[in-house]
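Chemist: Curious how this folds, go ahead:
(one chain, ligands or ions: 2)
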Amino acid sequence: MASPFVIIGAGAIGSIVGAHLIRSGHDVVFIEANAAHADAIRRDGLRISGHLDAVVRPAVHAPSAYDGPMEHVLLAVKSRDTIAALTPFADRLAAGGYVVSLQNGLEEDKIAAIIGRERTIGAYLTFGGYYKEPGHIVYGGPGSFKLGELDGRETPRVLALQAAFSAQQPIDVTNNIFGYLWSKIALGSVYFGTAIVDAPVLDIYDDPRARSILAVLAGEAVGVADASGVRTENCDGFDPKAFRLDQPADETARAASWDAQRVYWRSHDNTHTGVWRDLKIHRRKTEVEFQVGAVIRIADDVGVPVPHLKRLKMIVESIENGERTQDWGALYDIVA
Ligand SMILES: NC(=O)C1=CN([C@@H]2O[C@H](COP(=O)(O)OP(=O)(O)OC[C@H]3O[C@@H](n4cnc5c(N)ncnc54)[C@H](OP(=O)(O)O)[C@@H]3O)[C@@H](O)[C@H]2O)C=CC1
Ligand SMILES: CC(C)(CO)C(=O)C(=O)O
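Modeler: Ligands and ions are numbered 1, 2, ... in the order given. Okay, here's the model as predicted:
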C-alpha cells in the first residue's frame, strides 16, 4: 500500500489541504495535538465550510500515538510549534521521505536543521481559513499556492505534489521559493500591523495614517530581503519592492499593491488575519517571534536598521501579555 500523506496539524491550513487531498482519492492521516478537535473529527468527521462545503473522515492520531509510516509529511502547525511537532518524528522519517512546510515564515530553515535540507520542501500560501470549533474549519477564501525545492530544482517529487494538490486549486512550482516566502513575510509584517487594531483589515487599509505606517513595516522587511540577496516576488499583486525605503516612493506601484490587497480581502469571508484571531479570540501567543522576530534577527546580522519592526514586535508582545489592548493607538504608537 502506498504511504499516506501525514499532515501534522489539522488546523485551518492542514484541514483545507487534507480535505481536498482526501476528496481527490489520496490517503491522508492527521496528527493533531488539540484533543477536543481530534475527538470531534473521530466522532463526526472533519467539516469544512465556506469555500468548500464537505465532511471528510480521516484517521486522526495524538502526536504520541502515531506509529505509522512517515514518508510524505505536510507540516501545518504554527511556527511556534515547528520544532516540538517535528522533532519526535525526525528519526522515523523515511530515507527518501520529505517534509513540506505549509506555513508562513522561514520555517524551512528550521525544518532543514532537523531533517536535512534535501528532505525539506517549501510552500507559499495565501489561501486561508480558520479553526471555528472542534471538528470544524472555515475555508475563508482562495489565494496562491506555490511549491518549491529549497535549491530551486524541479524534481519528480515536487511535480508529484503539484499534481496531488491541484485538486484544490492551480498550484505552481517555483525555483524561487524564498523570494515568495520573503514577500509573504513583508506582507505578514503589514498583517501584524493590522492585527494590533481591533478592526477589519479593509477598514485599516482605508485609514491613510495607518497605511503609511504599514508601508514602512513592509519597507523595512523588503530592505532586509534585499540585503540578504533575496529576489522578492509579487504576492497576489502586493509587490514588496514598491515599499523600498532606500528609493523614492513610487506612489502608483504602492496604490496598485493596496488595491490588490483590497481585491484579495474582498474575495475572502475572513475580515481579519490569523494574527488578530490569535490575539482577540484565542488569546494566545502569535507567531511574531518567528516571523517579525526572524526578520529582526536577520536585519541585525546584515546591518539593516528595522526600528519600526522592533517596535511592532514589542507592541504585539505587550498585547499577548495582556499589558495593552488592540486599538488604533497601538498602531499609531509604532511611529510615536
Ligand atoms: N490560517 C490561514 O489562513 C493561513 C495560515 N498560514 C500559516 O499556516 C501555518 C498553520 O496555520 P493555521 O492552519 O492557521 O494554524 P491552526 O492553529 O489553525 O492549526 C494548527 C494546528 O496544529 C495543532 N498543533 C500544535 N502543535 C502540534 C503538534 N506538536 N502536533 C500536532 N498538532 C499540533 C494545533 O493545536 P493547538 O491549537 O492546540 O495548538 C492546531 O490545531 C502557520 O504558519 C500560519 O501562519 C498561511 C497562510 C494562511
Ligand atoms: C491568508 C491570511 C490572510 C489568512 O488570515 C494569512 O495569511 C494570515 O492571516 O496568516
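Chemist: Could you look up the SS state of Leu202?
Modeler: helix (DSSP: H, G, I helix; E, B strand; the rest coil).
Chemist: which residues does Thr286 contact?
Modeler: By C-beta atoms under 8 Å, 6 or more residues apart in numbering, Thr286 lies in contact with 192, 195, 275, 278-279, 316, 320. All C-beta spots, glycine's among them, are computed from the backbone N, C-alpha and C.
Chemist: Double-check that Gly129 belongs to a strand.
Modeler: Yes. Assessed with three-state DSSP, Gly129 lies in a strand.
Chemist: leaving aside the residues next to it on the chain, what's closest to the residue in the chain that ligand 2 sits nearest to?
Modeler: Per C-beta to the nearest ligand atom, Gly128 is where the chain lies closest to ligand 2, at 2.9 Å. Closest residue in space to Gly128, ignoring its immediate chain neighbours: Gly140 at 4.9 Å, by C-beta to C-beta, 6 or more residues apart in numbering.
Chemist: how close does the one you found get to Asp81?
Modeler: Distance of Gly140 to Asp81, computed by C-beta to C-beta, to the nearest Å: 21 Å.
Chemist: Looking at those two, which one has more neighbours?
Modeler: Gly140 (23 against 16; other C-beta atoms under 10 Å).
Chemist: Quick check: which element contains that one?
Modeler: Here Gly140 sits within strand 136-141, counting by DSSP states H and E.
Chemist: Give the other helices and strands that the helix or strand following that strand contacts.
Modeler: Sequence order places strand 145-149 as the next helix or strand after strand 136-141, per DSSP H and E. Strand 145-149 is packed against strand 120-125, helix 156-165, strand 172-173, helix 177-195, with contacts defined by 3 or more C-beta pairs under 8 Å, 6 or more residues apart in numbering; DSSP states H and E.
Chemist: Export these as JSON lines, with columns for mean neighbour count and distance to Ile111.
Modeler: JSON lines is the format used below for the helices and strands packed on strand 145-149 (neighbours: other C-beta atoms under 10 Å; distance: least, C-beta to C-beta, whole Å):
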{"stretch": "strand 120-125", "mean neighbour count": "24", "distance to Ile111": "5"}
{"stretch": "helix 156-165", "mean neighbour count": "15", "distance to Ile111": "15"}
{"stretch": "strand 172-173", "mean neighbour count": "14", "distance to Ile111": "19"}
{"stretch": "helix 177-195", "mean neighbour count": "26", "distance to Ile111": "12"}
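Chemist: Pipe the ones you listed into TSV and attach distance to Asp300 and mean pLDDT per row.
Modeler: Below are those laid out as TSV (distance: least, C-beta to C-beta, whole Å; pLDDT from 0 to 100):
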stretch	distance to Asp300	mean pLDDT
strand 120-125	24	98
helix 156-165	33	98
strand 172-173	33	98
helix 177-195	16	98
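Chemist: To ligand 1, which of those lies closest?
Modeler: Taking the helices and strands packed on strand 145-149 one by one with C-beta to the nearest ligand atom, strand 120-125 is closest: 4.6 Å.
Chemist: which among the contacts of Thr286 are in contact with ligand 2?
Modeler: Checked against ligand 2 using C-beta under 6 Å from any ligand atom, the contacts of Thr286 yield the following neighbours: Val275.
Chemist: filter the contacts of Thr286 to the buried ones?
Modeler: Buried positions within those, assessed by neighbour count (16 or more other C-beta atoms under 10 Å), are 192, 195, 275, 278-279, 316, 320.
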